[in-house]
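In: quick one: sequence plus predicted model below, questions after.
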Amino acid sequence: MTTSHLWQFAETHALFDWSRVVGLRMSLTLEGPKLQVVVEAPLERLDEAIRISAERGWLYMLGTKEGLEDLMHVKSWDSLKRWVVENWGIVVDAAVKRLGEEVRGELEALRNKLNDDKVAREVVAPALLLMQAEKLGVNEETLRYFGAVISGAIGGDGHVSAVMKRIELASGEREVALLWGAALAAYGIKVEVKRVGSAFNVVASGVGAARLARLYFLYGPPLLEGDDRLKSHKLAEAVELGAEELNVSWEGLRRRTEDGPVAADLTISEGGIAVKYNVYLRDAIVLQFQSTDRSRVEPAARLLRLAGVSAEVKKMKVGGRDKWYVDAYTDMLAAGRVELRKALAELVREAVKNGLVDEKKAKGWLEKLERGRVLEEGWPMYLVRLSGGGALEVRFGSTDRNSIEREKQRLEKMGLKEGRHFTVEKPEEGGGVGYVRILRKGLERAAWLSVYGKDKQQRELAAAFVELILQRAKDGGEEVRKKAEEIVKEGKERASLELKGFERKVEVNGKEYVVKVIDGDAVEEDRGGKKLLRIRITAEVDGVKSEYTITYGKRGRDNAAVGRTVARADVPGGREADAERFSALVKALTGRKPRVTA
């Protein structure tokens with residue numbers, strides 16, 4: 001496996017213990033040079049995983065069904081491939097059932113290609129998913145395996161966009177794309193198979209993409225904590241995309257003893273997946289789920305994250321046994337999605353109505369729940385001043401560890417990264433003050449996000465933060481104000497260099513265009529003693545994929561850097577349409593429409 005993403009390397013290591021680095025490469029991108037890591041593991045590791053699965057895992061479960069019994073005797077990758085070939089008829093019939101009789105010939109011919117190991121690696125997973133749907137149906141157990149399998153396809157060559165409400169799988173061959181399309185359809189996810197250049201992609205959009213994102217997040221790769229580089233940007237997009245269709249309800253309000261806690265059951269559900277949590281009304285609202293089986297607690301934590309609550313799985317010892325749990329308190333819950341806050345507010349009001357909770361205490365909870373998300377909750381008192389060396393200092397201090405953690409989560413939600421844009425120093429146990437310090441790059445980034453953020457919510461959150469810092473700076477005097485305004489201005493004027501995966505909707509000459517950047521690079525050249533910079537961008541604009549080359553050079557009396565490109569006639573709509581699409585691309589990236597001349 002080759003990757004430049006530390007999170008992909010870490011996920012693979014966590015799942016398969018692949019840790020043997022066999023090569024390092026350097027690639028040049030618009031984000032700068034990137035190190036690529038090449039790792040490998042012996043084939044015996046894959047054979048062992050398949051053998052264990054056949055003995056007591058997913059393959060064993062499938063093998064208990066009539067017609068699939070031999071699957072329990074599979075011992076290696078080669079024997080699994082042979083088994084799929086021998087049972088290919090089941091796969092074809094299941095696919096035809098979803099896609100229609102016209103695909104039968106293509107899929108039957110695919111069987112003859114499974115001796116090619118590369119093809120088999122792409123085909124075996126969707127083939128097994130189709131068999132699972134046919135023999136076991138769609139339920140919570142089969143969805144769990146579906147989510148685990150699909151995460152490999154998305155985490156590898158997949159693309160997730162919350163802004164566009166779309167997930168794409170890069171399948172390559174049409175037959176493979178059709179097979180994945182049938183597998184997704186079997187689990188209630190409507191997709192399209194689209195040609196992209198010489199390859200075929202499987203595209204889920206709208207409601208189907210949201211459902212796929214939820215399953216990917218709930219049952220997909222491990223949630224790695226720590227360094228931001230260990231956190232998958234695809235999972236982050238999936239959380240945002242998948243949180244749109246959650247259902248939250250409560251029942252069973254009770255107090256079992258006269259002086260016991262007030263309790264109720266709260267259920268968060270998505271499609272065929274539901275988790276029932278315990279809610280306690282004590283000095284705070286406490287939501288909790290616990291079990292001696294970690295595999296039950298993990299989905300509970302992930303569903304809470306989909307509901308906007310930053311919850312983690314924790315462990316404790318009870319009677320000498322390990323017990324796993326996840327919990328969240330009032331402030332964490334008040335930062336969650338509106339569906340969760342609304343259900344909790346209804347529960348609290350009902351408890352007051354029945355005389356189970358003190359009205360004054362409940363009023364404080366309701367105020368927090370009704371204020372809602374962090375944008376509405378108000379920011380803490382940041383200190384903004386100049387250091388002895390003239391640098392701008394922006395920091396928030398508190399003796400409360402929870403306050404420091406909440407501010408860290410708020411900044412991360414806004415799009416800032418710890419270590420790069422801000423630092424955190426938590427107060428020591430037993431006393432002391434902790435700090436959140438905003439670095440210069442952090443204020444610049446917040447200003448940039450207030451203009452170019454991926455959605456309205458992010459832009460508004462960043463704008464509120466920037467406005468707060470500018471107000472604090474104004475209170476600090478003229479020199480502090482000027483320094484803060486200078487940094488904010490630089491941040492807003494800085495264009496994005498992180499092109500790959502960039503998506504935005506823009507309007508040019510009264511028409512809305514959807515811009516998706518697929519890839520790009522930059523090359524510096526010498527021509528007649530003059531330096532030229534060529535930026536090549538592959539993008540899909542208004543459904544048309546094109547490659548654009550922008551050449552920058554110094555021109556005119558003032559030696560100003562000017563970029564130019566030439567519209568092409570050999571593209572859909574000719575030169576005029578190409579120029580219009582290029583204008584949309586530039587406006588999406590810079591916020592400004594370029595000058596077009598004949």
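Out: That came through fine.

In: pLDDT on the helix or strand containing residue 167, on average?
Out: Counting by DSSP states H and E, the element that carries residue 167 is strand 166-172. For strand 166-172, mean pLDDT rounds to 83.

In: and that strand, what does it pack onto?
Out: Strand 166-172 is packed against helix 140-157, strand 158-161, helix 174-186, strand 199-205, helix 206-219, with contacts defined by 3 or more Cβ pairs under 8 Å, 6 or more residues apart in numbering; DSSP states H and E. C-beta: built from backbone N, CA, C; applies to glycine.

In: what angle separates it from helix 140-157?
Out: 70 degrees (axes from the mean of the first three to the mean of the last three Cα atoms, to 10 degrees).

In: next, the buried residues of the helix or strand containing residue 48.
Out: Using DSSP H and E, residue 48 falls within helix 43-56. By 16 or more other Cβ atoms under 10 Å, the buried positions in helix 43-56 come out as 47, 50, 51, 53, 54.

In: pLDDT score assigned to the nearest residue to the last one once chain neighbours are set aside?
Out: Ranked by Cβ to Cβ, 6 or more residues apart in numbering and with sequence neighbours excluded, the top spatial neighbour of residue 54 is residue 74, at 4.7 Å. Turning to residue 74, the model gives it a pLDDT of 89.

In: could you measure residue 74 against residue 58, distance?
Out: Look at residue 74 and residue 58: by Cβ to Cβ, to the nearest Å, they are 11 Å apart.

In: neighbour count: those two, which is higher?
Out: residue 74 (23 against 20; other Cβ atoms under 10 Å).

In: test my guess that the more buried one contacts residue 86.
Out: No. Look at residue 74 against residue 86 with Cβ atoms under 8 Å: they stay out of range, at 11.0 Å.

In: what about residue 573, how many neighbours?
Out: 13.

In: go through stretch 269-286 and flag the buried ones.
Out: 270, 271, 273, 275, 277, 278, 279, 280, 281, 284, 285, 286.

In: just the residues you listed: which has the poorest pLDDT?
Out: residue 271 (60).

In: surely residue 214 touches residue 306?
Out: Yes. With contact defined as Cβ under 8 Å, residue 214 counts as touching residue 306 (6.5 Å).

In: can you tell me the SS state at the nearest residue to residue 593 once chain neighbours are set aside?
Out: The shortest distance from residue 593 to any non-neighbouring residue, by Cβ to Cβ, 6+ apart, is to residue 587 (4.8 Å). Under DSSP: H, G, I helix; E, B strand; the rest coil, the three-state class of residue 587 is helix.

In: how near is residue 587 to residue 537?
Out: 13 Å.

In: does the residue nearest to residue 159 when sequence neighbours are not counted have beta-bridge partners, and which?
Out: Closest residue in space to residue 159, ignoring its immediate chain neighbours: residue 168 at 4.5 Å, by Cβ to Cβ, 6+ apart. In this entry, residue 168 is beta-bridged to residue 159, residue 203, by DSSP bridges.

In: neighbours around residue 168, how many?
Out: Count around residue 168 with other Cβ under 10 Å applied: 23.

In: wait, doesn't it sit right on residue 158?
Out: Yes. Using Cβ under 8 Å, residue 168 is in contact with residue 158, at 6.4 Å.

In: so what's the nearest residue to residue 281 once chain neighbours are set aside up against?
Out: With Cβ to Cβ, 6+ apart as the criterion, residue 281 has its nearest non-adjacent residue at 4.1 Å, and that residue is residue 262. Residue 262 makes contacts with 253, 254, 255, 280, 281, 282, 351, 356, 357, as judged by Cβ atoms under 8 Å, 6 or more residues apart in numbering.

In: 6 Å - rerun?
Out: 255, 281, 351, 356, 357 (Cβ atoms under 6 Å, 6 or more residues apart in numbering).

In: nearest spatial neighbour of the first one, skipping sequence neighbours?
Out: The shortest distance from residue 255 to any residue that is not its chain neighbour, by Cβ to Cβ, 6+ apart, is 5.1 Å, and that residue is residue 262.

In: after the one helix or strand residue 84 maps to, next one along is what?
Out: Here residue 84 sits within helix 77-86, counting by DSSP H and E. Using DSSP H and E, the helix or strand that follows helix 77-86 in sequence is helix 88-99.

In: give the buried residues for that following helix.
Out: Of the residues in helix 88-99, 88, 90, 91, 92, 94, 95, 96, 98, 99 count as buried by neighbour count, 16+ other Cβ under 10 Å.

In: just put the residues you listed in TSV and tack on pLDDT.
Out: Below are the buried residues of helix 88-99 laid out as TSV (pLDDT from 0 to 100):
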residue	pLDDT
88	93
90	92
91	92
92	94
94	92
95	92
96	93
98	92
99	91
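
In: which of the residues you listed sits closest to residue 458?
Out: residue 98 (37.1 Å; Cβ to Cβ).

In: contact partners for the closest one?
Out: Residue 98 sits in contact with 182, 185, where contact means Cβ under 6 Å, 6+ apart.

In: if I look at it, how far off is residue 191?
Out: Separation of residue 98 from residue 191 (Cβ to Cβ): 10 Å.

In: excluding chain neighbours, what is closest to residue 302?
Out: For residue 302, the spatially nearest residue (Cβ to Cβ, 6+ apart) is residue 218, at 4.9 Å.

In: what is the burial count for the one you found?
Out: Number of residues near residue 218 (other Cβ under 10 Å) recorded here: 26.

In: that one and residue 300 touch, don't they?
Out: No. With contact defined as Cβ atoms under 6 Å, residue 218 does not count as touching residue 300 (9.9 Å).
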